[in-house]
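Novice: Mind looking at a prediction? Sequence and model below.
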Amino acid sequence: MLVSLAATLCLASMLLATYGLGQWLLNGLVPTPAPRGAIPEQLDDIVWSVALGFVGAGLLLMGLGFAGLLYTPLIMSLTAAGCLMALRRIMSPDDALLDGGDWTTPSSLVEGKIEAESLDPPRRTRHANRETESDDSPRTRLLRPARWLRELLVIVACIAAGGAYVSALAPPTDGDALCYHLELPKVFLNEHRIVYLPDSSNSTYPMLAELWFLWGLALQGPVAAQLVHWSLGVLLALAAVVLARPLVGNGWAMACGCLLLLVPGVTNQMTAPLNDVAVTTFTTLTLAAWWRAAVQDEPGHWPVVAGLMLGAALSIKFTAILFAAGMGLAWVVIALRSAHRNVLLRQAAIVGLVAISTAGGWYLRSAWHTGDPVFPMLSRSSTPENTTNPAIKRPFSWHPVDVALAPLRLTLEPERFGGRSHQFGAMFLAVLPGLFFVRKLRGLGVLLAISGFYALLWYGLRQNVRFLYPIAPLLIVPVAWVWAEFARLPRLPRLAATVVLLMIATSGAAISVARARGHWAVACGWQSREDYLARSEPSYEPAQAVNALLAPEARIFSQEQRAFYFERTMIRERRYRERTAYHQAPGTTGWLDQIREDGFTHLLLAATAPDKGPATPDVLERLVAAQETSSASPPWRELARWRHEQPGTSRRYRLLELTPSVNRIAEQPAAEAARPTSR
């Protein structure tokens, strides 16, 4: 319980610091304050402040990392300074947030079609696009969801977010998180700098999200780092509200945010320190800032804000490149149809320059170390089977039947595309066909065009369902629009459709709560974290033994990639093999000589055995087995072994200590081996 409370307080201090820093940045970029008491605009200011604060904090940590100044006391001091900035802002009587405000809907958004002039409105002041018609007009009633529906969606979304929060309070066990999302920040914090690890291809990725996790590690530990991604999921829901408001109005915009939190894959991502929700948050805010700059023409430096958001997305994950391409294409099309194309193209140039300046350091770093700015996403190693984008990762072909059935198969068979835990759910498949029967909405075509172009690029690269998350907030807007158009149906069909959609939405909350069922005990302190990890994480028990048995200078060679809980240096066998081809060294012990020359002192064998059928040994297992078969006394001694049972598989570990010298008799000619030694 104390760990959960400490992690929660740590997250609160981080969010407070980001708000303080972000307010300072927002006031410099968009100096016009929001009207006192206007809830939607105050919500916008909070969202933009926290988002800008995250970007500013990430850039500051990146600078400290490149300068070798990643020290915990310094990070704590900067966090305290950010909290003081926020408290000063909050406590100022001139800027106090008051209740009240206008939640009515801009009914003039409903149009017969999207025309060029609708994308080129006259200039206006900030927050001037409020409702001018009577609240009782038919169009206003059409665009405003019933109060009971809005409140029900908020309650269900809060339940889903609460279930994800409980799961996030448990110690991290996600494979990718322990492999690099947390492991690399741990290494950076121990080294006090952002270092390049030649035997970890992940170390050249854009790592803005990992720096936020490093922030949590420095302040409290892995649970706080995990909660950072949970908070980014909440920020994503609010970003969807900000994006949707100019299109569908305040009421349905709030519904968009709630529906996004009911996507099963989103709440699953919020339970672990990953980066797909993080990149989706900032691609969504990129589009929201672009809409204010290019479509609504609001005063302020919104192109700079859009550039910062896009730069943050590009600094988190390579998939943001696909989103930037889709948004850039839409921007060019709109510019060519507009009478103010020069202004729009100048804004696009500003966005591009700011984004490149924000994210360029990560890509230059990758190019410096690997010769490829996007390594290893488009790279191949020496053998075709080791490509990072193999054909097995693209289950869909370009056959027309495959293309037509792709949405259905993604919904019904998500395990073929990255796992059922990352599924989109049935909401999009059930509702989006309704777009053929509803009125066209101003701006909806732009969102669908960007989504379609992104999906096309995704289809040709790596077909993992979680890589589609950046278009989920864009598609949730037409989902809300179709739902809003149910008001035009007769009473019984409208009621039936609403019940079906509510059942689909609540199933997302049920999945989140069910996922949290195994985490309540450890989150509340009823179960110790050590016992939870021993039961849930295969690498935890070997890691604890290694930390206790081996000296700090030990250097371990292993197939195990989940290195976060190991306090000794551990190198991944696969990446080392691709870099050095050690397994092809001549002789029975040539491979062993090479790894010893590179300073390795121990081997940690980690093998997965299925419950049914024989296990297939990997390269290191075969080398060890061959050495143990050919030599009566292998050049190592076994220190310990473990077995961790999981549903369907078991994980086996062996810890071997290399002896001081390698027996070379097997490498000598028979005559030389038989020659008597001199006395």
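Specialist: Noted; the coordinates are in hand.
Novice: residue boundaries of the strands in this structure?
Specialist: According to DSSP state E, the chain carries its strands in the segments 555-558, 569-572, 602-610, 636-646, 649-658.
Novice: Name every strand pairing with the first one and say which way it goes.
Specialist: What it means is strand 555-558. Its sheet considered, strand 555-558 pairs with strand 569-572 (parallel), strand 602-610 (parallel) by DSSP bridges.
Novice: Let me have those strands in a markdown table, adding distance to E485, mean pLDDT and mean neighbour count as columns.
Specialist: Just so you know, the C-beta spots here come from the backbone N, C-alpha and C atoms, and that holds for glycine as well. Shown next, in a markdown table, are the strands paired with strand 555-558 (distance: least, C-beta to C-beta, whole Å; pLDDT from 0 to 100; neighbours: other C-beta atoms under 10 Å):
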| stretch | distance to E485 | mean pLDDT | mean neighbour count |
| --- | --- | --- | --- |
| strand 569-572 | 52 | 92 | 20 |
| strand 602-610 | 50 | 87 | 19 |
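Novice: R150: which of those is closest?
Specialist: Proximity to R150 (C-beta to C-beta) singles out strand 602-610 among those, at 47.8 Å.
Novice: Scan this protein for its longest helix.
Specialist: helix 222-261 (DSSP state H).
Novice: where's that helix relative to the chain centroid, distance-wise?
Specialist: Distance, stretch centre to chain centre, for helix 222-261: 14 Å (C-alpha atoms, centre = their mean, to the nearest Å).
Novice: out of the strands paired with strand 555-558, which comes closest to H422?
Specialist: strand 602-610 (21.3 Å).
Novice: re the thing from before, turn the strands of the chain into CSV, columns for distance to T267.
Specialist: Listed next are these as CSV, based on distance: least, C-beta to C-beta, whole Å:
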stretch, distance to T267
strand 555-558, 33
strand 569-572, 31
strand 602-610, 28
strand 636-646, 23
strand 649-658, 26
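Novice: quick one, which of these is nearest to L310?
Specialist: Among those, if distance is taken as C-beta to C-beta, the winner is strand 569-572, at 32.3 Å.
Novice: Identify the residues contacting that closest one?
Specialist: The contact list for strand 569-572 (C-beta atoms under 8 Å, 6 or more residues apart in numbering) reads 199-200, 554-561, 563, 600, 604.
Novice: in stretch 179-188, what counts as buried?
Specialist: By neighbour count with 16 or more other C-beta atoms under 10 Å, stretch 179-188 contains the buried residues 179-188.
Novice: Between the two ends of it, how far is it?
Specialist: Its first and final residues considered, stretch 179-188 spans 14 Å by C-alpha to C-alpha, to the nearest Å.
Novice: let's number from 49 now, not from 1
Specialist: Taking 49 as the first residue, the last one we looked at is stretch 227-236.
Novice: which residues touch it?
Specialist: 113, 118, 220, 222, 242-243, 245, 248, 250-251, 253, 255, 257-259, 261-262, 265, 270, 273, 320-323, 609-612.
Novice: Compute the first-to-last residue distance for stretch 604-615.
Specialist: For stretch 604-615, the end-to-end distance is 11 Å (C-alpha to C-alpha).
Novice: Need the mean per-residue confidence for it.
Specialist: Mean pLDDT, computed over stretch 604-615, is 94.
Novice: do stretch 425-435 as well
Specialist: 48.
Novice: If we ignore the residues flanking it in sequence, what's nearest the residue nearest the centre of the chain?
Specialist: Central residue of the chain (C-alpha atoms, centre = their mean): N323, 1.6 Å from the mean position. Using C-beta to C-beta, 6 or more residues apart in numbering and skipping residues adjacent in sequence, the residue nearest N323 is A257, 4.2 Å away.
Novice: Surely that neighbour and V325 touch.
Specialist: No. Look at A257 against V325 with C-beta atoms under 8 Å: they stay out of range, at 9.2 Å.
Novice: Read off the pLDDT value for the residue lying closest to A225 once chain neighbours are set aside.
Specialist: The shortest distance from A225 to any non-neighbouring residue, by C-beta to C-beta, 6+ apart, is to P321 (4.8 Å). P321 carries a pLDDT value of 95.
Novice: Look at P321 and say how many residues are nearby.
Specialist: 31 (other C-beta atoms under 10 Å).
Novice: mind listing what it touches?
Specialist: Taking C-beta under 8 Å, 6+ apart as the test, what P321 contacts is 220, 222, 225, 229-230, 257, 261, 270, 273-274, 276-277.
Novice: show me what contacts the nearest residue to Y580 once chain neighbours are set aside?
Specialist: Closest residue in space to Y580, ignoring its immediate chain neighbours: V570 at 4.2 Å, by C-beta to C-beta, 6+ apart. Counting by C-beta under 8 Å, 6+ apart, V570 touches 217-219, 576-577, 580.
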